[in-house]
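Visitor: Just need the structure, nothing else, for what follows:
(2 chains)
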There are 2 protein chains.
Amino acid sequence: MDIELYMQTVGQRARAASRAMARADTGAKNTALRAIAAAIRREADTLLAANAEDVAAARAAGLEPAMLDRLTLTAKGVAAMAEGVEQVAALADPIGEVNDLKFRPSGIQVGRMRVPLGVIGIIYEARPNVTADAAALCLKSGNAAILRGGSEAIRCNRAIAALVHEGLAAAGLPADAVQVIDTTNRAAVGHLITMREYVDVIVPRGGKGLISRLLAEARVPMIQHLDGNCHVYLEEEADPNKALKIVENAKTQRYGTCNTTESLLVDRAVAAMLLPSVAHMLTHKGVEIRGCAETCALVANAVPASEDDYYAEFLAPVISVKVVAGIDEAIAHINQYSSHHTDAIVTDNHPKAMRFLREVDSASVMINASTRFADGFEYGLGAEIGISTDKIHARGPVGLNGLTSEKWIVLGDGHVRG
Amino acid sequence: MDIELYMQTVGQRARAASRAMARADTGAKNTALRAIAAAIRREADTLLAANAEDVAAARAAGLEPAMLDRLTLTAKGVAAMAEGVEQVAALADPIGEVNDLKFRPSGIQVGRMRVPLGVIGIIYEARPNVTADAAALCLKSGNAAILRGGSEAIRCNRAIAALVHEGLAAAGLPADAVQVIDTTNRAAVGHLITMREYVDVIVPRGGKGLISRLLAEARVPMIQHLDGNCHVYLEEEADPNKALKIVENAKTQRYGTCNTTESLLVDRAVAAMLLPSVAHMLTHKGVEIRGCAETCALVANAVPASEDDYYAEFLAPVISVKVVAGIDEAIAHINQYSSHHTDAIVTDNHPKAMRFLREVDSASVMINASTRFADGFEYGLGAEIGISTDKIHARGPVGLNGLTSEKWIVLGDGHVRG
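Guide: Residues are numbered from 1 along each chain as shown, chains lettered A, B, ... in the order given. From the prediction side, this is the model:
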């Protein structure tokens, strides 16, 4: 196979299909999504069989257990996949929405219309459910999708693609609206991220290594999701009960998610009062505490934190802790060490809460709430295609609107410029 | 001078200044802008003298007349520069605006807050007025700016920078909020467009050559402005008077602007009726007509158009003309040949106007209006930093909002995720 020619063809087909998708009406898109969900339910056994082959091959090739776990599809997983697609069908259609249409002194009316981005390339690891999720979100937002999943999942991804095509056909929409890259050749990614003429944006879903590689090589704009080094800052006027509850939820509800808190900042004025009880709770839950000298003096079982610990996304029962002089140091620390994902302050002081809200340069900034809330469903977006830590285009949880753009529309009646 | 070290220092200073600018209040920003405008007026002679030196050096170096013209500053130009800065002071401050703050079922309130992008790099040709314009827009939107103007204008840019710093100081804002790259070394640009840690977005203002080079090398996201190959499509139900008026304005008001129409499409059903009068008007104005075979059959002085002519941004009294079978062919032609800047339909038919509005994939799409309206002032944005032909982040005329992003804000009272 000539991989460059193959990818060019995929790109041309996606561009052509994107025109049809841009004009597809809401009814047709929802019909396709419901047909895909029904097909997934009907062909559950086919998907599980294809996945079993993928898993067997991956195990034989020595794939590590955590990745095998993500690759493995269960009957419950198939049902959740179908349900996810139906949830996208139930979301409001963002396309065609017109905002701020106003008359101007010249007599023209000027406004903005929400339109699809066009062609979206999605690059992800060997997780079959992402294939269905990403296809559904791109379809509903009127885009054409090119999906490149981890090569270990290729049999299952092919089987899902067939069901997506069945659903598109049922609604009279072009099959090329969702294309799954049908090769495990790694060069396919290199072409996908540089075909500016055919691809409007790349959404990478995967680890830091994948994203760094794409950042270095991509020519197509990316909606990137880097790591989540989230902070909770206990300000001098933090309510001790809220502080304890929020740190517990933010750090210990789940260790492996990007909105989990990895670093705790505590005001010097209240460190002696707050830190021992917070540390007791964390230790009780099995969380290792890596702290600054002051933290170690207050918390018997804390170990000294390194500079790297303050930059780290542990994704594990480990937390870094630092005692700070006040809100200035807290904000400066967060803007330096945070991954700009989600950071929270706990305080009953209004001016300080407002300063934190305004000055912390992260995708989500919270007052008296757990960082775990940073999520498309919790924010009311419905499903999300990722959480952007970038500032351009889409920031934080990216739902359907993040896959659209707004063009300007001008309505006149023979108007010309003076 | 170690150019890499110099640019790293510029980047670090800009990042530090961006924090102060993000929290600067509206009053301070407006004070700075008004002080800059006053300083520009007061030091008009200094600016004109610096510019005269630039012009003399450029002339001696054999710079071409069109570029010398853009480089040359007049007393009127200095006054317009000061006025432009005052106009930016008068615009509403977008920073801190909170949108769509809503309660969620979990009890948290979720909304979005408009915040600066951070550090903006602006790369432009030897046009001194851009230095003042760009500084003013970045300052008002709470960003730090790194300005890299064409090397031929360096003396005048230095003089403007001194006045900008005077204005920043008058308002207690950091001088590093606006830095003018003080070297003509071309390697500076290479560093500027790859320093992801210090620069959040690059706005290139310049010709196609500059943008292509940046597209190939940039690692920092860009708000790009490519060319403006704008279309007017005369649909079967176009009102002949509106058609004539709009084509005249769109093509002949100014030949050198990016929102000037470069290509005319005419429905076959009305070509014999409309084209001769439109062609007569264009010819009378001195516009050369390059047409398809059908156009040439209807218009005596038309010359055959090449394929390249349909892709061309002439920026000259030349227009390409094509007879099309109807709206499907018109939309397909525009989506193929347009630069996705601005395209207009002339028709009294509502369904066709709506189809054109929805399906043409350009930054501005117009019904019965001249493409010349695609402009920040005409759209009500005030001054613009450029016109984006990209779909990501900012599309069409880019005003203050295009230099901002929206972060998510979450307000709770001890809320944790269930």
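Visitor: Hmm, residue A:410 is touching residue A:110, no?
Guide: Yes - Residue A:410 is within contact range of residue A:110, at 5.5 Å (criterion: Cβ atoms under 8 Å). The C-beta positions use only the backbone N, C-alpha and C, and glycine is treated the same way.
Visitor: Between these two, which contacts overlap?
Guide: The contact sets of residue A:410 and residue A:110 overlap at residue B:373 (Cβ atoms under 8 Å, 6 or more residues apart in numbering or on different chains).
Visitor: hey, which helix is longest across chain A?
Guide: With secondary structure taken from DSSP state H, chain A has its longest helix at helix A:3-23.
Visitor: The stretch 201-350 of chain A against chain B: which residues are in contact?
Guide: Residues of the stretch 201-350 of chain A found near chain B (Cβ under 8 Å from any Cβ of the partner chain) are A:201, A:215-216, A:219, A:221, A:239, A:241-242, A:245-246, A:248-250, A:253, A:332, A:335, A:344.
Visitor: Going through those, which ones are buried?
Guide: A:201, A:221, A:239, A:242, A:245, A:246, A:248, A:249, A:250, A:253, A:335, A:344 (16 or more other Cβ atoms under 10 Å in any protein chain shown).
Visitor: can you give me phi and psi for residue A:25?
Guide: phi -90, psi 170 (degrees, to the nearest 10).
Visitor: pLDDT value on it, please?
Guide: With respect to pLDDT, residue A:25 scores 95.
Visitor: what's near enough to touch it?
Guide: Contacts of residue A:25 (Cβ under 8 Å, 6+ apart): none.
Visitor: Assign a three-state SS to the spatially closest residue to residue A:393 that is not a sequence neighbour, would you?
Guide: Among residues not flanking residue A:393 along the chain, residue B:393 sits closest, at 4.2 Å (Cβ to Cβ, 6 or more residues apart in numbering or on different chains). Secondary structure, DSSP: H, G, I helix; E, B strand; the rest coil: residue B:393 is coil.
Visitor: and if you look at residue A:265?
Guide: strand.
Visitor: quick one, domains of chain A?
Guide: Following automatic domain parsing, one gets these domains for chain A: A:3-223+A:397-410, A:230-378.
Visitor: what mean pLDDT does the lengthiest strand in chain A have?
Guide: Selection of the longest strand in chain A by residue count, based on DSSP state E, yields strand A:404-415. The pLDDT scores in strand A:404-415 average 97.
Visitor: strand partners of it, parallel vs antiparallel please.
Guide: Using DSSP bridges, the strands paired with strand A:404-415 are strand A:109-116 (antiparallel), strand B:364-369 (parallel).
Visitor: rewinding a little: now distance to residue B:388 and secondary structure too, for the buried ones among the residues of the stretch 201-350 of chain A next to chain B, in CSV please.
Guide: As requested, these are exported to CSV (distance: Cβ to Cβ, whole Å; DSSP: H, G, I helix; E, B strand; the rest coil):
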residue, distance to residue B:388, secondary structure
A:201, 14, strand
A:221, 12, coil
A:239, 46, coil
A:242, 44, helix
A:245, 45, helix
A:246, 40, helix
A:248, 45, helix
A:249, 41, helix
A:250, 38, helix
A:253, 41, coil
A:335, 28, helix
A:344, 34, strand
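Visitor: and the longest helix of chain A, which residues are buried?
Guide: Those would be A:6-7, A:10-11, A:13-22, for helix A:3-23 by 16+ other Cβ under 10 Å.
Visitor: Tell me which other helices or strands it touches.
Guide: Where contact means 3 or more Cβ pairs under 8 Å, 6 or more residues apart in numbering or on different chains; DSSP states H and E, helix A:3-23 is packed against strand A:109-116, strand A:119-124, strand A:144-148, strand A:178-180, helix A:187-192, helix B:350-359.
Visitor: Figure out which of those is closest to residue B:104.
Guide: strand A:109-116 (22.6 Å; Cβ to Cβ).
Visitor: tell me the angle that closest one makes with strand A:144-148.
Guide: 40 degrees (axes from the mean of the first three to the mean of the last three Cα atoms, to 10 degrees).
Visitor: what inclination does strand A:109-116 have with respect to helix B:350-359?
Guide: Strand A:109-116 runs at 60 degrees relative to helix B:350-359, counting by the same axes, to 10 degrees.
Visitor: Now residue A:289: closest residue in space that isn't a chain neighbour?
Guide: Residue A:289 sits nearest to residue A:302 (Cβ to Cβ, 6+ apart), 4.3 Å away.
Visitor: Show me what stretch A:345-362 is in contact with.
Guide: The contact list for stretch A:345-362, computed with Cβ under 8 Å, 6+ apart, reads A:232-239, A:242-243, A:246, A:327, A:330-331, A:334-335, A:338, A:340-343, A:365-368, B:19, B:22-23, B:96, B:113, B:115, B:118, B:407, B:409.
Visitor: Of those residues, grab the buried ones for ChimeraX.
Guide: In ChimeraX, this line selects whichever of the contacts of stretch A:345-362 come out buried by 16+ other Cβ under 10 Å:
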select /A:232,233,234,235,236,238,239,242,243,246,327,330,331,334,335,338,340,341,342,343,365,366,367,368 /B:19,22,96,113,115,118,407,409
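Visitor: Leaving out chain neighbours, which residue sits closest to residue A:305?
Guide: residue A:290 is the one closest to residue A:305 (Cβ to Cβ, 6+ apart), at 3.9 Å.
Visitor: right, and the one you found touches residue A:303 too?
Guide: Yes - counting by Cβ under 8 Å, residue A:303 is a contact partner of residue A:290 at 5.5 Å.
Visitor: Looking at those two, which one has more neighbours?
Guide: residue A:290 (22 against 14; other Cβ atoms under 10 Å in any protein chain shown).
Visitor: Helix, strand or coil: sort out the more buried one for me.
Guide: strand.
Visitor: roughly how far apart are it and chain B?
Guide: Distance, residue A:290 to chain B, using Cβ to the nearest Cβ, to the nearest Å: 23 Å.
Visitor: Then residue A:289?
Guide: 20 Å.
Visitor: number of nearby residues for that residue?
Guide: 22.
Visitor: surely residue A:251 meets residue A:259?
Guide: No - look at residue A:251 against residue A:259 with Cβ under 8 Å: they stay out of range, at 11.1 Å.
Visitor: Cool, thanks, talk later.
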